[in-house]
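Student: with the sequence up front, the predicted model follows.
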Amino acid sequence: MQNVMNGDEVDLLKFPVPRFHAADGGRYIGTGDCVINKDPDSDFINMGTYRMQVHEPNLLGLWMSPGQHGRQICQRYWERGQSCPVVACFGEDLLIFMASSSPIPWGRSELERAGGMRGRPVEVIKGPLTGLPIPAHAEIAIEGEVPPPWVEARDEGPFGEWPGYYSGGTLGTGEPQPVIRVKAVYYRDNPILFNSAPLWPGAPKYGLNYGEGKERLERAGIQDVVAIANPMPYIKVVAIRQRYPGHAKQAAMAAASGIRNGRWLVIVDDDIDPYDLKEVLWAMTTRCDPATGIEFINGAWSTPLDPLVSANPEKRDSGDHTNNLAVFYAVRPFHRRGEFPKVSRSPKELRQQVVEKYRSILPFPPM
Ligand SMILES: Cc1cc2nc3c(=O)[nH]c(=O)nc-3n(C[C@H](O)[C@H](O)[C@H](O)COP(=O)(O)O)c2cc1C
């Protein structure tokens with residue numbers, strides 16, 4: 001509240017809004033933002049990260065993939081012929097951003113999740129126009145509304161997205177997208193405009209997805225899930241400690257049901273680090289029999305950003321943004337676990353001891 005722009009004063013281009021990728025269709029103020037809106041039918045307040053293009057000084061484009069909670073809430077207002085009140089902030093406690101961009105189930109508050117992880121509640125102020133909570137320490141925050149798309153919508157993009165390709169605009173998935181009519185802007189003196197543009201697919205991914213995914217599986221009754229990782233776009237890896245025949249399949253089906261944007265779902269044993277692609281590929285090449293260890297799930301929840309969807313005119317034009325998922329069972333067959341050859345790699349502690357002992361003469365660590 002150090003600085004306030006209201007009504008006609010609103011000018012988001014006062015901030016140094018960047019263009020991130022060479023062929024982006026505009027300048028994006030929101031790549032690491034938090035968008036907050038409230039379900040009109042309950043007390044549920046959602047927070048999600050959705051990209052935002054600056055169309056005009058007081059008009060933002062909002063790209064919310066079909067199925068996103070923020071979009072579902074907007075749809076509930078639109079069905080009533082109303083605009084959806086919304087708050088967004090740019091530059092905030094990173095834990096709030098991480099919660100915002102993580103798939104926390106419908107009905108559960110991302111702000112409370114961030115507070116739970118921090119160990120104290122997130123401080124918020126009440127938005128003067130919308131009554132929605134605004135994280136009190138945000139660098140920049142806005143209040144506004146998202147009109148029904150038949151009242152106002154704009155072409156958006158293209159924007160270089162996380163799969164490593166442009167999306168939106170005229171590039172395959174182009175259709176007018178919702179906008180935010182910005183009514184007020186609040187910002188600190190010399191605010192920092194935080195961003196998290198995709199840039200390229202190998203860039204590190206921050207999110208609480210892994211903990212969320214594990215919790216989701218446990219809620220589905222799957223025991224001994226060690227970790228869930230997303231080491232690259234479109235690859236999800238679930239490490240389990242197998243306890244009974246069929247355990248791997250059960251974990252795969254439960255994981256598949258919660259996955260959006262998957263292409264490969266790999267189930268590995270608990271001796272494999274799911275974050276380490278080399279270990280995952282080793283498990284795939286040595287424990288997964290291609291004739292029996294791969295199965296397909298067709299018509300899974302995906303997004304129009306998927307290049308295999310946007311490059312397929314039939315799917316694109318019909319609005320079928322689903323994709324197909326391959327499940328790789330890269331686990332020792334449970335009933336043959338006793339006969340499976342013993343892993344020859346030395347235990348981690350021993351490898352570490354050897355490295356420490358010979359560090360001065362080794363050309364590289366033999367890990
Ligand atoms: C940096 C970053 C940018 C993102 N941008 C978008 C986006 O433009 N549109 C979108 O639908 N999801 C985007 N996401 C993913 C959503 O934030 C994520 O799916 C989140 O769970 C959505 O919240 P919701 O489940 O409450 O709708 C982004 C995620 C990250 C980490």
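Tutor: Cool, the structure landed.

Student: for residue 274, give me its contacts.
Tutor: 226-229, 231, 237-239, 266, 268, 280 (CB atoms under 8 Å, 6 or more residues apart in numbering). Yep, even glycine has a C-beta here, placed from its N, CA and C like the rest.

Student: what would the residues you listed look like in JSON lines with pLDDT, distance to residue 330 and secondary structure?
Tutor: Conversion of these to JSON lines gives the following (pLDDT from 0 to 100; distance: CB to CB, whole Å; DSSP: H, G, I helix; E, B strand; the rest coil):
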{"residue": "226", "pLDDT": "94", "distance to residue 330": "14", "secondary structure": "strand"}
{"residue": "227", "pLDDT": "91", "distance to residue 330": "14", "secondary structure": "strand"}
{"residue": "228", "pLDDT": "90", "distance to residue 330": "14", "secondary structure": "strand"}
{"residue": "229", "pLDDT": "89", "distance to residue 330": "13", "secondary structure": "strand"}
{"residue": "231", "pLDDT": "84", "distance to residue 330": "13", "secondary structure": "strand"}
{"residue": "237", "pLDDT": "94", "distance to residue 330": "9", "secondary structure": "strand"}
{"residue": "238", "pLDDT": "95", "distance to residue 330": "10", "secondary structure": "strand"}
{"residue": "239", "pLDDT": "96", "distance to residue 330": "10", "secondary structure": "strand"}
{"residue": "266", "pLDDT": "97", "distance to residue 330": "5", "secondary structure": "strand"}
{"residue": "268", "pLDDT": "98", "distance to residue 330": "5", "secondary structure": "strand"}
{"residue": "280", "pLDDT": "96", "distance to residue 330": "7", "secondary structure": "helix"}
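
Student: what's the most distant pair in those residues?
Tutor: Distances among those were taken as CB to CB; the most separated pair is 226 and 231, at 14.9 Å.

Student: where do the helices sit along this protein?
Tutor: 69-79, 94-100, 110-118, 209-219, 247-258, 277-287, 307-310, 313-318, 348-358 (DSSP state H).

Student: which stretch in the ones you listed is the model least sure about?
Tutor: Lowest mean pLDDT of those: helix 209-219, a mean of 77.

Student: who in the protein is up against the ligand?
Tutor: 31-32, 46, 48-51, 63-65, 68-70, 101-103, 196, 207 (CB under 6 Å from any ligand atom).

Student: output the helices of the chain in a markdown table; the columns should cover distance to residue 167 and mean neighbour count.
Tutor: Output for these, formatted as a markdown table (distance: least, CB to CB, whole Å; neighbours: other CB atoms under 10 Å):
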| stretch | distance to residue 167 | mean neighbour count |
| --- | --- | --- |
| helix 69-79 | 16 | 19 |
| helix 94-100 | 20 | 22 |
| helix 110-118 | 24 | 19 |
| helix 209-219 | 20 | 18 |
| helix 247-258 | 23 | 19 |
| helix 277-287 | 25 | 16 |
| helix 307-310 | 6 | 17 |
| helix 313-318 | 11 | 12 |
| helix 348-358 | 41 | 11 |
